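**Student:** Fold the following and give me the result.
(chains A and B)
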Number of protein chains: 2
Amino acid sequence: MSDATITNPAVRNGVDTATLFATLDAIKSDPELATFQFRASNRWISGTNSESTFAGFFGAKQEMNHKQIQTATADHPSILVGEDHGPTPVEFLLHALAACLTAGLVNISAARGIKLTEVTSTVEGDIDLLGVLGLSNEVRNGYKQIKVSFNVKGDDPEKLRQVVEQSRKRSAVYDVLTNGVPVSIDVVAG
Amino acid sequence: MSDATITNPAVRNGVDTATLFATLDAIKSDPELATFQFRASNRWISGTNSESTFAGFFGAKQEMNHKQIQTATADHPSILVGEDHGPTPVEFLLHALAACLTAGLVNISAARGIKLTEVTSTVEGDIDLLGVLGLSNEVRNGYKQIKVSFNVKGDDPEKLRQVVEQSRKRSAVYDVLTNGVPVSIDVVAG
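**Tutor:** This is a model prediction of the structure:
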């Protein structure tokens, strides 16, 4: 058999745990390797439709590139005077959260030797648009609350719940969404 | 000429301002129309790779659907033991921010009669991965800071700077990223 996920016992849940542990060891001995900068380049198309390109990022002391240039389109739905050419910006927050928590729980399960067979989640964000539409100064612009519902199948249910909790504790997106982050905006206009 | 953006003077920057103002009037007279819930359904594929689907949402007192089902894939890059099948979860936060601010400034410009010819932005997020990797309890898991750089072309530069500032003041994603939002996580494991 040539499939590494079958023949290589270090690969669990699609994660090469030998490489994962080696990466952790490398960073432990040289913490500067952990300094990263991620980037998106966005271009307005028309109306509320725009597209972001993800090409390079900085990490492990060097400029790096994605294996292939990635893109994402966003738009508003028709009911909000858009043309629905892509998910809304606020839906991408929900995607980022689900994807970050899922990647984390998969890595943690792999490191702990816990087998996963299925992970699905739904994320709901409640928002009152009176804020963004400028119709109220009492209503906040963003989500009032976000609710994530995970369905995780695999080994021992108690261990599965623990890896979700550990993923939450170490999730970059969960941290940003719950605690906020300083954002600066510069404008060149002409 | 049949192009509505040319023949219809209410369409500016690709935004139908007549519909925009009618929508605002409708919500002013019935604020409950502004109660929305957005959703993402995520499914783990393998390793750090997962995919979200955006189908329905609630708004204007009814269940609605996107014109077509939208999807987004996320993964970690190879240097972080992923397979780079999509942007990272944290890159989607940068995309959401750029897309939200851009849609806002386009709508505001259209409402104010300001013509735009080009809007581009780059968003950079600085992160020290010692947090998410569990190698430090002092380093936060998420971005330390996010920097947005807009390049806006069109009418009067001072007016263009003002619409970016007004967009920031009413951006849902900017609010969530800078102020945070309560997130709950439920798990069904088995």
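**Student:** OK, contacts around the closest residue to residue A:171 other than its chain neighbours?
**Tutor:** Of all residues beyond its chain neighbours, the one nearest residue A:171 is residue A:100 (4.9 Å), with distances taken as CB to CB, 6 or more residues apart in numbering or on different chains. Just so you know, the C-beta spots here come from the backbone N, C-alpha and C atoms, and that holds for glycine as well. Taking CB atoms under 8 Å, 6 or more residues apart in numbering or on different chains, we find residue A:100 in contact with A:171, A:172, A:173, A:174, B:74, B:89, B:90.
**Student:** and the angle from the helix or strand harbouring residue A:100 to helix B:89-112?
**Tutor:** Residue A:100 is part of helix A:89-112 when elements are defined by DSSP states H and E. Relative orientation of helix A:89-112 versus helix B:89-112 (axes from the mean of the first three to the mean of the last three CA atoms, to 10 degrees): 180 degrees.
**Student:** And helix A:89-112, how far out from the chain middle?
**Tutor:** Per CA atoms, centre = their mean, to the nearest Å, the displacement of helix A:89-112 from the mean C-alpha position of its chain is 6 Å.
**Student:** So in that sheet, which strands flank whichever helix or strand comes after it, and in what orientation?
**Tutor:** Sequence-wise, the next helix or strand downstream of helix A:89-112 (DSSP H and E) is strand A:116-128. Here strand A:116-128 has these sheet partners by DSSP bridges: strand A:145-154 (antiparallel), strand B:35-46 (antiparallel).
**Student:** Now render those as JSON lines, adding distance to residue A:49.
**Tutor:** Listed next are the strands paired with strand A:116-128 as JSON lines, based on distance: least, CB to CB, whole Å:
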{"stretch": "strand A:145-154", "distance to residue A:49": "25"}
{"stretch": "strand B:35-46", "distance to residue A:49": "17"}
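**Student:** Out of those strands, the one nearest residue A:184 is which?
**Tutor:** Closest to residue A:184 of the strands paired with strand A:116-128, according to CB to CB: strand A:145-154, at 24.4 Å.
**Student:** list the buried ones in the closest one?
**Tutor:** Neighbour-count burial for strand A:145-154 flags A:146, A:147, A:148, A:149, A:150, A:152, A:154 (criterion: 16 or more other CB atoms under 10 Å in any protein chain shown).
**Student:** State the mean pLDDT of the following helix or strand past that strand.
**Tutor:** Proceeding N to C from strand A:145-154, the next assigned helix or strand is helix A:157-169, under DSSP H and E. Helix A:157-169 shows a mean pLDDT of 97.
**Student:** near chain B at all, helix A:157-169?
**Tutor:** Yes. Using CB under 8 Å from any CB of the partner chain, a contact is recorded between helix A:157-169 and chain B, made by A:157, A:158, A:160, A:161, A:164, A:168.
**Student:** and of those residues, the nearest to residue B:83?
**Tutor:** Nearest to residue B:83 out of those is residue A:164 (CB to CB; 22.3 Å).
**Student:** picking up where we left off before, pull out the buried residues from the helix holding residue A:100.
**Tutor:** Quick answer for helix A:89-112 (16+ other CB under 10 Å): A:89-111.
**Student:** same question, stretch A:53-63
**Tutor:** So, applying 16+ other CB under 10 Å, buried residues of stretch A:53-63: A:53, A:54, A:57, A:59, A:60.
**Student:** Spell out whether that stretch and chain B are in contact.
**Tutor:** Yes. Contact of stretch A:53-63 with chain B (CB under 8 Å from any CB) involves A:54, A:57, A:59, A:60.
**Student:** Between these, which sits nearest chain B?
**Tutor:** The closest of the residues of stretch A:53-63 next to chain B to chain B turns out to be residue A:54 (CB to the nearest CB; 4.5 Å).
**Student:** so that closest one sits right up against residue A:65, yeah?
**Tutor:** No. Contact criterion CB atoms under 8 Å: residue A:54 and residue A:65 do not qualify, at 9.7 Å.
**Student:** Residue A:46 - nearest residue in space that isn't next to it in sequence?
**Tutor:** Closest to residue A:46 by CB to CB, 6+ apart is residue B:14, at 3.4 Å.
**Student:** low-scoring stretches of chain A, by residue?
**Tutor:** Within chain A, the segments meeting pLDDT under 70 span A:1-7.
**Student:** Name the nearest residue to the spatially most central residue of it, sequence neighbours excluded.
**Tutor:** With distances taken as CA atoms, centre = their mean, residue A:96 lies nearest the centre of chain A, 3.2 Å away. Closest residue in space to residue A:96, ignoring its immediate chain neighbours: residue B:92 at 4.0 Å, by CB to CB, 6+ apart.
**Student:** Distance check, that neighbour against residue A:91.
**Tutor:** Residue B:92 sits 10 Å away from residue A:91 when distances are taken as CB to CB, to the nearest Å.
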